[in-house]
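> Following is a predicted model, sequence given first.
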Amino acid sequence: KNTACMMHMGNMTKDFVPVGKEDQAEIKDDTNCLKVAELAGIDPEWMITYFCKPKLKVGTEWVSKGNTCSYAASSVAGIARAVYERTFRIVVEKCNTTLCDPTMKKVTYIGVLDIAGFEI
């Protein structure tokens, strides 16, 4: 579910369109939003509202601020990256827990090495 949710979030970043003279973000096609909300188990209208018009506390009042398309897309991408990071960390920790046996003299673990540009 997490992987599918992250993939649909990547598609969702392209669904924002500018509306009005201040170029506030709105969703043009909500199919990806509905899939993300279903997979995450949250209300789709709530999710769209808080990506496009988040509430900020100003003094003692809460004010809705309209986001631009790039800011809304960055918010979605940031949450997708955070979900990916946490999911990957859980998988590596589970592998390490399975491989590390305290009774063994030699400890085996999963390590990840990323060499930038190695794929080229």
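Yes, it's here.

> what about the helices in this structure?
For the chain, the helices defined by DSSP state H occupy 2-12, 31-40, 44-52, 69-99.

> Of all those helices, which one is nearest residue 21?
For the helices of the chain, the distance to residue 21 is smallest for helix 69-99, at 14.1 Å, taking Cβ to Cβ. C-beta coordinates here come from the backbone N, C-alpha and C atoms, glycine included.

> Nearest residue to the middle of this protein?
Centroid-nearest residue in the chain, with Cα atoms, centre = their mean: residue 80, separated by 1.7 Å.

> and the gap between it and residue 53?
Per Cβ to Cβ, to the nearest Å, residue 80 is found 20 Å from residue 53.

> Can you lay out the helices of the chain as CSV showing distance to residue 60?
Converted to CSV, those look like this (distance: least, Cβ to Cβ, whole Å):
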stretch, distance to residue 60
helix 2-12, 33
helix 31-40, 31
helix 44-52, 21
helix 69-99, 25
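
> Reformat these as JSON lines; add mean pLDDT and distance to residue 20.
Below are the helices of the chain laid out as JSON lines (pLDDT from 0 to 100; distance: least, Cβ to Cβ, whole Å):
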{"stretch": "helix 2-12", "mean pLDDT": "90", "distance to residue 20": "21"}
{"stretch": "helix 31-40", "mean pLDDT": "93", "distance to residue 20": "20"}
{"stretch": "helix 44-52", "mean pLDDT": "91", "distance to residue 20": "12"}
{"stretch": "helix 69-99", "mean pLDDT": "88", "distance to residue 20": "12"}
